[in-house]
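K.L.:
How does the following fold in three dimensions:
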Amino acid sequence: MSGNMIERIMIFVDGPNIYWGLKNHNQENETNLSIDYKKLIEHLANGRRLIRTTYYCSRPVPADVNHIKFTDYLRSVGVKVIEKDLKNRTDSVTGKSKKIEKGVDVALATDILSLAWENAYDTAIVASGDGDYVGAVDKIMDKGKSAEMVSFRKSLSGELKKTAMKVTYMDDIIQQIRKV
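P.N.:
Here you go, the predicted structure:
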């Protein structure tokens with residue numbers, strides 16, 4: 001970045017990955033913490049110019065009251081929410097129907113890549129530990145963009161940790177970003 005240029009950042013949140021990371025953290029530490037996304041965004045932005053935060057998640061069908069409240073809360077703090085409907089799949093062994101998440105990772109990776117090519121940001125901050133993002137992160141870095149990862153320690157793939165320029169562990173900042 002040259003002298004008077006303020007680094008432009010975009011935050012991409014893999015909702016299911018952060019949800020499960022927090023759930024595991026709470027179980028291991030016998031806590032019941034929630035993330036205050038406004039605090040998280042401010043912490044990650046750290047004085048840089050935030051272009052947008054996008055939260056990617058699955059939407060229960062039919063709609064679930066807690067999910068609606070949560071996504072309304074995210075929108076109220078300025079987060080764009082991208083929802084993919086949960087899909088019904090039948091387990092071939094048990095014959096039982098189960099809901100599975102489809103399209104969340106692809107939507108997030110597509111946005112990281114397309115927005116890098118549109119020069120919409122200088123740094124992508126990806127809140128996820130999913131190794132599926134390694135290819136997208138590598139590509140944007142080849143394009144001259146910076147990539148930072150935010151994840152719970154136990155959720156972060158080793159390959160993703162090596163790929164990113166900076167890693168922030170949610171475990172280390174949870175007290176600063178928790179809902180009070």
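K.L.:
Surely residue 174 touches residue 33?
P.N.:
Yes. Using CB atoms under 8 Å, residue 174 makes contact with residue 33 at a distance of 6.0 Å. For the C-beta atoms, the positions are set from N, CA and C on the backbone; glycine is no exception.
K.L.:
Between the two, which has more neighbouring residues?
P.N.:
residue 174 (19 against 16; other CB atoms under 10 Å).
K.L.:
From residue 22, how far off is that one?
P.N.:
Relative to residue 22, residue 174 is positioned 8 Å away (CB to CB, to the nearest Å).
K.L.:
rewinding a little: for residue 174 and residue 33, list the residues in contact with both.
P.N.:
Contact criterion CB atoms under 8 Å, 6 or more residues apart in numbering; residues shared by residue 174 and residue 33: residue 25.
K.L.:
picking up where we left off before, need the overlap of contacts for residue 174 and residue 22.
P.N.:
Contact criterion CB under 8 Å, 6+ apart; residues shared by residue 174 and residue 22: 33, 35.
K.L.:
This protein: helices as residue ranges?
P.N.:
Listed in chain order, the helices found in the chain under DSSP state H are 15-29, 37-45, 65-76, 104-117, 134-142, 158-163, 170-177.
K.L.:
Save these as a markdown table, and put in distance to residue 149 and mean pLDDT too.
P.N.:
Conversion of the helices of the chain to a markdown table gives the following (distance: least, CB to CB, whole Å; pLDDT from 0 to 100):
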| stretch | distance to residue 149 | mean pLDDT |
| --- | --- | --- |
| helix 15-29 | 11 | 94 |
| helix 37-45 | 11 | 96 |
| helix 65-76 | 20 | 94 |
| helix 104-117 | 12 | 95 |
| helix 134-142 | 8 | 96 |
| helix 158-163 | 6 | 90 |
| helix 170-177 | 11 | 94 |
